[in-house]
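Enquirer: Starting from these lines, generate the structure:
(one chain, ligands or ions: 2)
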Amino acid sequence: MPTFDTIDDLPADSRVLVRLDLNSPIEDGEPQDNRRFERHAETVRELAEAGHRVVCMAHQGRPGRDDFTSLAGHAAILAEHVGRDVAFVADTHGDEALAAIDALGAGEVLLLENTRMCDDELPEESPEEKADTEFVTTLSPHVDAYVNDAYSAAHRKHASLVGFPLVLPAYAGRVMEAEYEANTAIATREFDGPVTMVVGGTKATDVIGVMDALEGNVDRFLLGGVAGELFLRAAGHPVGHDVGGTDLFDEQWERNRELIESVLDDRGDAVHLASDLAYEGDGGERAEVAVADIDEKTAGYLDVGSGTVDDYDPLIRESDAVFVKGALGVFEDERFAAGTVGALEAIAETDCFSVVGGGDTSRAIEMYGLDEADFSHVSIAGGAYIRALTGEPLPAVEVLEAAAARQ
Ligand SMILES: Nc1ncnc2c1ncn2[C@@H]1O[C@H](COP(=O)(O)OP(=O)(O)OP(=O)(O)O)[C@@H](O)[C@H]1O
Ligand SMILES: O=C(O)[C@H](O)COP(=O)(O)O
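Expert: Ligands and ions are numbered 1, 2, ... in the order given. From the prediction side, this is the model:
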């Protein structure tokens with residue numbers, strides 16, 4: 001169980017500084033609505049309805065990149081989800097921000113400007129150094145408490161994540177609580193039956209590290225995507241390398257070859273590989289080939305084949321817990337969605353504990369009309385989910401725990 005305090009412990013009528021993670025895809029300069037707004041809105045609404053004065057802060061993109069924008073558009077989307085006005089001030093901790101914070105009435109909500117527009121925010125430093133920055137020392141006296149709801153950014157040692165909880169009473173928001181509990185379950189919970197992990201996507205280096213770290217906690221890994229092909233390569237099949245200008249395989253193979261081989265040697269019985277793969281046929285249709293019949297990879301494989309979907313289905317249905325990291329194919333294209341959707345449907349129809357992680361993969365749930373309520377938890381975290389799965393500590397969670405020990 002987490003040892004941090006939650007907003008249930010927050011004193012009444014607080015002026016509270018709440019760190020959200022609204023980092024979103026940006027199209028034509030505008031943030032796109034996504035699950036993060038909906039989830040964080042629950043924490044914000046609960047705080048506002050309880051009569052607290054709610055000062056939100058969040059980041060967007062990274063300096064120098066196209067997605068580094070103001071949060072003005074985010075305030076409008078957040079307001080729709082919260083169901084009340086969210087005022088926006090284009091300032092992180094200057095006079096304008098302080099005046100807006102001081103003027104907030106009970107139940108009112110304010111969003112400050114992108115934290116990464118403040119020079120003190122980004123360099124990763126110790127919580128003590130962050131607590132000493134002008135950003136933290138200027139804002140803190142204007143609020144009574146700090147709430148961190150940004151689990152998905154908790155792997156970063158940035159001022160808004162680790163500085164404030166050193167100098168203010170600090171609490172976890174509802175998203176922080178839910179993500180923490182679900183994402184650590186694989187390492188901390190006892191399950192009666194088999195624990196299965198569905199592993200795919202393009203970030204093979206991440207997921208292979210997770211497989212290595214979780215060897216003792218997972219009974220079987222069902223592989224697809226780029227990692228799946230790299231394992232097939234290690235098992236001696238002529239796949240898992242780049243063709244036609246892709247750069248997904250060779251570099252990740254060189255980086256992970258030893259680890260893949262050692263996972264196969266140590267836990268080969270737990271690693272399930274695709275028996276067939278799907279690709280784009282000459283007429284643009286989905287075509288499939290048995291892995292045993294592949295002599296040479298001439299085009300990209302974009303999904304696991306239907307035989308593999310049938311192999312994986314009962315393994316999922318007889319599991320007591322299923323964790324998903326990465327898609328089994330390029331599900332964004334309907335022709336290559338069968339692997340990912342097949343696995344998600346089997347999970348949804350089974351009464352197992354389930355966590356679906358990864359921003360890209362979880363999009364398949366709404367794209368294919370699945371009901372989010374049929375999963376125990378759909379994570380909104382990327383890097384933090386990976387770190388939680390591998391048991392790496394999250395600095396922003398550690399400071400919340402330290403704050404609770406002080407409080
Ligand atoms: N064989 C494949 N070839 C190319 N892309 C693939 C293949 N299989 C799956 N993908 C892609 O993998 C993506 C999802 O996995 P990704 O590694 O991006 O991880 P995620 O965990 O969902 O997201 P994130 O880490 O960004 O939050 C999908 O967009 C899908 O198109
Ligand atoms: O979107 C995310 O995964 C988090 O907000 C972290 O963003 P970052 O990788 O830019 O720090």
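
Enquirer: what's the pLDDT at the closest residue to Asp320 other than its chain neighbours?
Expert: Counting by C-beta to C-beta, 6 or more residues apart in numbering, Gly193 is the residue found nearest to Asp320 once chain neighbours are left out, at 3.2 Å. (Glycine included, C-beta is placed from N, CA and C.) For Gly193, the model assigns a pLDDT of 93.

Enquirer: wait, what's in contact with Gly193?
Expert: Contact analysis of Gly193 by C-beta atoms under 8 Å, 6 or more residues apart in numbering lists Glu318, Ser319, Asp320, Ala321.

Enquirer: name the element it belongs to?
Expert: Per DSSP states H and E, Gly193 falls between elements, in no helix or strand.

Enquirer: likewise the one 5 residues further on?
Expert: Element membership for Val198, per DSSP H and E: strand 195-199.

Enquirer: Note down every partner strand of that strand and its orientation.
Expert: According to DSSP bridges, strand 195-199 forms sheet pairs with strand 220-223 (parallel), strand 321-325 (parallel).

Enquirer: who touches it?
Expert: 186, 207, 210-211, 214, 217-225, 227-228, 312, 315-316, 319-326, 328, 343.

Enquirer: number of nearby residues for Glu280?
Expert: Other residues within reach of Glu280, judged by other C-beta atoms under 10 Å, total 17.

Enquirer: Please tell me how far it sits from Val18.
Expert: Separation of Glu280 from Val18 (C-beta to C-beta, to the nearest Å) stands at 46 Å.

Enquirer: cool, and Gly61?
Expert: 20 Å.

Enquirer: where does this structure dip in pLDDT?
Expert: Within the chain, the segments meeting pLDDT under 70 span 1-2.

Enquirer: Now do the buried residues in the helix or strand encompassing Ile77.
Expert: Using DSSP H and E, Ile77 maps to helix 72-82. Neighbour-count burial for helix 72-82 flags Gly73, His74, Ala75, Ile77, Leu78, Ala79, His81, Val82 (criterion: 16 or more other C-beta atoms under 10 Å).

Enquirer: What is the most widely separated pair among the residues you listed?
Expert: Greatest spacing in these, by C-beta to C-beta: Gly73 and Val82 (15.1 Å).

Enquirer: Please tell me I have it right and Pro238 contacts Glu296.
Expert: Yes - counting by C-beta atoms under 8 Å, Pro238 does reach Glu296; the two are 5.7 Å apart.

Enquirer: more neighbours, the two?
Expert: Taking other C-beta under 10 Å, Pro238 and Glu296 do not tie; Pro238 has more neighbours (12 against 7).

Enquirer: Distance-wise, check that one relative to ligand 1.
Expert: 16 Å (C-beta to the nearest ligand atom, to the nearest Å).

Enquirer: And Asp282, by the same measure?
Expert: According to C-beta to the nearest ligand atom, Asp282 stands 19 Å off from ligand 1.

Enquirer: who are the neighbours in contact with the residue in the chain that ligand 1 sits nearest to?
Expert: Nearest to ligand 1, among the residues of the chain, is Gly358, at 2.0 Å (C-beta to the nearest ligand atom). Residues counted as contacts of Gly358 (C-beta under 8 Å, 6+ apart) are Gly201, Val324, Lys325, Gly326, Ala327, Ser379, Gly382, Tyr385.

Enquirer: Same question for Gly61.
Expert: Asn23, Ile26, Asp67, Phe68, Thr69, Asn114, Arg116.

Enquirer: Mind doing that once more with 6 Å?
Expert: Asp67, Phe68 (C-beta atoms under 6 Å, 6 or more residues apart in numbering).

Enquirer: Can you list phi and psi of it for me?
Expert: phi 70, psi -170 (degrees, to the nearest 10).

Enquirer: distance of it from Glu285?
Expert: Here Gly61 is placed at a distance of 39 Å from Glu285 (C-beta to C-beta).

Enquirer: Excluding sequence neighbours, find me the nearest residue to Thr6.
Expert: Excluding the flanking residues, the one nearest Thr6 by C-beta to C-beta, 6+ apart is Ala172, at 5.0 Å.

Enquirer: If the one you found is in a bridge, with which residues?
Expert: Beta-bridge partners of Ala172, counted by DSSP bridges, are Thr6, Asn148.

Enquirer: What number of residues are in the vicinity of it?
Expert: What Ala172 shows, counting by other C-beta under 10 Å, is a neighbour count of 29.

Enquirer: Surely it touches Asp9?
Expert: No - using C-beta atoms under 6 Å, Ala172 is not in contact with Asp9, being 9.4 Å away.

Enquirer: which SS state does the residue nearest to Arg35 when sequence neighbours are not counted fall under?
Expert: Leaving aside its sequence neighbours, Arg35 sits nearest to Ile380 (C-beta to C-beta, 6+ apart; 5.3 Å). For Ile380, the assignment made with DSSP: H, G, I helix; E, B strand; the rest coil gives coil.

Enquirer: for Ile380, what are its contacts?
Expert: Here Ile380 is in contact with Arg35, Arg36, Arg39, Ser152 (C-beta under 6 Å, 6+ apart).

Enquirer: For the second one, which non-adjacent residue is spatially closest?
Expert: Looking back up the chat, that one is Arg36. The shortest distance from Arg36 to any non-neighbouring residue, by C-beta to C-beta, 6+ apart, is to Ile380 (5.1 Å).

Enquirer: Distance of that neighbour relative to ligand 2?
Expert: Applying C-beta to the nearest ligand atom, the value for Ile380 to ligand 2 is 9 Å.
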